[in-house]
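Undergrad: Just need the structure, nothing else, for what follows:
(chains A, B, C and D)
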Protein chains: 2
Amino acid sequence: MVRPTMEDVAKRAGVSRALVSLVMRGSPKVSEQRRGAVLRAAEELGYSPHAMARSLASRTSTVLGVMVSDLHNAFFAEVVDGLDAVAREQGFELIINTGGRSPARERRALDSLLSFRPAGLALLSPVVPTAAISNAADHLPIVLVARSSRVSGVDTVNDDGEQGVGLAVDHLVSLGHRDVVHLDGGEGSQSGPRRRGFVNAMAKHGLEPRVVASEYTDAAGARAVQELHRGGRMPTAVISCNDFNAVGAISALEEAGYRVPEDVSVVGYDNTSLAALRHVSLTTVDQPRNEIGRLAAEALLQRVRGERTEPVRHLLHPSLVVRNTTAAPGGPS
Amino acid sequence: MVRPTMEDVAKRAGVSRALVSLVMRGSPKVSEQRRGAVLRAAEELGYSPHAMARSLASRTSTVLGVMVSDLHNAFFAEVVDGLDAVAREQGFELIINTGGRSPARERRALDSLLSFRPAGLALLSPVVPTAAISNAADHLPIVLVARSSRVSGVDTVNDDGEQGVGLAVDHLVSLGHRDVVHLDGGEGSQSGPRRRGFVNAMAKHGLEPRVVASEYTDAAGARAVQELHRGGRMPTAVISCNDFNAVGAISALEEAGYRVPEDVSVVGYDNTSLAALRHVSLTTVDQPRNEIGRLAAEALLQRVRGERTEPVRHLLHPSLVVRNTTAAPGGPS
DNA sequence: CTACAGCATTGGAGCGCTCCAACCAATAGA
DNA sequence: TCTATTGGTTGGAGCGCTCCAATGCTGTAG
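TA: The predicted structure follows:
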């Protein structure tokens, strides 16, 4: 159970501990002969460096902390992929922690990450109060993903939800729709911009924007549609706040006897793997998730290297993915 | 950017560094008066303990490493929830890393986790070679989840896939089905037991087990069904290797003009959130994911505390969740 | 032959913490 | 009164490493 240290390697190779340290860090000022001897000794002993001791001694860290608010959401998985790719390229590691969408748990997760003294911290859609974030930002670079916040000294990366829903509206209008309803995400983090995008885009086309309160779940989407049905004012198209909501809406529509997309078109948001399933084949708005992760990592690493102190606020362009849940109103049946 | 140390807190509180250390660790042998002074000083300075220095000095760790092979799979999210709950209860933290289903990346992820010298390691469905695992197992406790392996000195937690598929077969047979096909997961980690469970259960009922090669994706499920259709020997029921495969199968069935469940019943495996969507409403086999995580954490912590050295091999009982994709053959239409 | 680079190598201090033996009252027991 | 005992507190060593100043060693120029 006990691991060899540099001292052990040094002894075996017949050199000093400092020389082993140089070899391990790939220093050029070591003779080839010694380097070989050290590497061989390390190999034989099964030595592996102790990251914590290294970081303690060097007062630097090659670790980026990532706080994922919700591991259940595949959206974050792809953001993490992007973060990971960039971090790895530049010699950094990721450690991930999760807050489970509870502010208290998230606080603990944050403390836990901070106690490792990472070089920087990426917070994916955090729910902790802004104060906690700006507090931590005094000590290390922080980038906020999927939460726009005006905390000073903190970078942010978001998709432009306003533009995204705008794309959906344009698409539907160009198909001939004039009566479109938005199922709103309520308290959800990005529902504000999405709703705004809907209202503005409808106004741009001179149409009346109907917004119905809903939530980011399939059950909520179904409920919203049932209410529309009972109210007797079913629109020709629905733009949901996300894919889950859209799928719920579709199943409620079908139960109520509407055909999708012949009678009612439905657009989702996020382009989750769910939307791509052939059984679902949902027209939806795609966020460049991987790109979001990459930009977040780059923002962090720029600060880590001291290349920048001014905050950056990335706002990425979403794109529309047209599948089989949208068509002209009263279209081919 | 520079954080206060114990020394700073000690100076401010007018005590020794050792005393601050005792307070931070919640030792009972500190007078209330001093404790108060120390905590106040720490608060005022914004002190937070340095986990790495602590772990280095104490030669112990309160960190459990978790290697998630695929962050995109929500299955693991719930396992992590279970792990997290138990770890937290017992004063441990989780650090997570991901291997993206690539052996090379997974190896690096493993090394990265090990370099933090965690107290134990949970590997969720790892794809690295057994040798790497048994190697690491010499240095610290390891638990394997969703990968049965006979590595000595390593604990395992799995669901009983054989039993799970058996439940599905029993359910279908009790509905009156006699012609059932299993869409096999191929190389996938748990496809072996699932296929075995199918063959054995069918044999038990005196029925011919038909197995068709497929994969863990919705496209593969659709392809398998299309082949069955072309072959002209469509069964009355299909048991897929997982939920994605089942959803692909359903959509291909509907495209080919079969009604689900009236003409063909479909059963999935995993009870992902996908299965629960009302639009899908898939009959499927549920693994006790949270329980799997809890047992994994407990196995690890038992070893960490030195309470056990014999390996344990948990095999958990799955359960059948009946929804709307199964019915009697040629049933109500 | 000495001086002086230039290079590879080394010992030692120190990162922030824990742990231990030693210490210092204050109290209890004889 | 003197010695044990107890509870609280402390300095110092050391965890595995990095970093720096210093060392020894060549080889070249003066």
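Undergrad: Spell out which residues make up each domain of chain A.
TA: Domain assignment of chain A by automatic domain parsing yields the ranges A:6-49, A:61-158+A:289-315, A:161-287.
Undergrad: Tabulate those in a markdown table, adding columns for mean neighbour count, mean pLDDT and distance to chain B.
TA: Just so you know, the C-beta spots here come from the backbone N, C-alpha and C atoms, and that holds for glycine as well. Below are these laid out as a markdown table (neighbours: other C-beta atoms under 10 Å in any protein chain shown; pLDDT from 0 to 100; distance: least, C-beta to the nearest C-beta, whole Å):
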| stretch | mean neighbour count | mean pLDDT | distance to chain B |
| --- | --- | --- | --- |
| domain A:6-49 | 16 | 94 | 6 |
| domain A:61-158+A:289-315 | 20 | 92 | 4 |
| domain A:161-287 | 21 | 95 | 4 |
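Undergrad: May I see those arranged in a markdown table, with distance to B:Gly164 as well?
TA: Supplementary listing: the domains of chain A in a markdown table, determined by distance: least, C-beta to C-beta, whole Å:
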| stretch | distance to B:Gly164 |
| --- | --- |
| domain A:6-49 | 39 |
| domain A:61-158+A:289-315 | 22 |
| domain A:161-287 | 23 |
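Undergrad: ok so A:Val211 is a helix residue?
TA: No - counting by DSSP: H, G, I helix; E, B strand; the rest coil, A:Val211 falls outside a helix, being strand.
Undergrad: Now do the end-to-end distance for stretch A:120-134.
TA: Using C-alpha to C-alpha, to the nearest Å, one end of stretch A:120-134 lies 13 Å from the other.
Undergrad: can you check stretch A:84-101 too?
TA: In stretch A:84-101, first residue to last residue: 22 Å (C-alpha to C-alpha).
Undergrad: cool, stretch A:306-320 as well?
TA: End residues of stretch A:306-320 are separated by 37 Å (C-alpha to C-alpha).
Undergrad: closest to B:Pro4 out of the domains of chain A?
TA: With C-beta to C-beta as the criterion, B:Pro4 lies closest to domain A:61-158+A:289-315 of the domains of chain A, at 10.6 Å.
Undergrad: how about that closest one, does it reach DNA strand C?
TA: No - Domain A:61-158+A:289-315 does not reach DNA strand C (C-beta under 7 Å from any atom of the strand); its nearest approach is 8.4 Å.
Undergrad: Quick check: beta-bridge partners of the closest residue to A:Ala299 other than its chain neighbours?
TA: Excluding the flanking residues, the one nearest A:Ala299 by C-beta to C-beta, 6 or more residues apart in numbering or on different chains is A:Asp155, at 4.2 Å. Per DSSP bridges, the residues bridged to A:Asp155 are A:Val143.
Undergrad: ok, A:Asp155 - contacts?
TA: A:141-144, A:296, A:299-300, A:303, A:311-314 (C-beta atoms under 8 Å, 6 or more residues apart in numbering or on different chains).
Undergrad: any idea how far B:Leu175 is from it?
TA: 57 Å (C-beta to C-beta, to the nearest Å).
Undergrad: A:Asp286 too?
TA: 41 Å.
Undergrad: just A:Val285 next, same as before
TA: On the measure of C-beta to C-beta, A:Val285 and B:Leu175 end up 41 Å apart.
Undergrad: And for A:Ala87?
TA: 52 Å.
Undergrad: need the strands for chain A, in chain order.
TA: A:63-68, A:93-98, A:120-124, A:142-145, A:155-159, A:180-184, A:210-213, A:237-240, A:265-270, A:283-286, A:313-316, A:319-321 (DSSP state E).
Undergrad: Kindly reformat those as CSV and extend each row with distance to A:Thr130.
TA: Converted to CSV, those look like this (distance: least, C-beta to C-beta, whole Å):
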stretch, distance to A:Thr130
strand A:63-68, 15
strand A:93-98, 19
strand A:120-124, 11
strand A:142-145, 10
strand A:155-159, 12
strand A:180-184, 24
strand A:210-213, 26
strand A:237-240, 29
strand A:265-270, 25
strand A:283-286, 27
strand A:313-316, 15
strand A:319-321, 30
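Undergrad: Those strands into TSV, with extra columns for distance to DNA strand D?
TA: Output for the strands of chain A, formatted as TSV (distance: least, C-beta to the nearest atom of the strand, whole Å):
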stretch	distance to DNA strand D
strand A:63-68	14
strand A:93-98	14
strand A:120-124	18
strand A:142-145	24
strand A:155-159	26
strand A:180-184	52
strand A:210-213	56
strand A:237-240	52
strand A:265-270	42
strand A:283-286	43
strand A:313-316	31
strand A:319-321	44
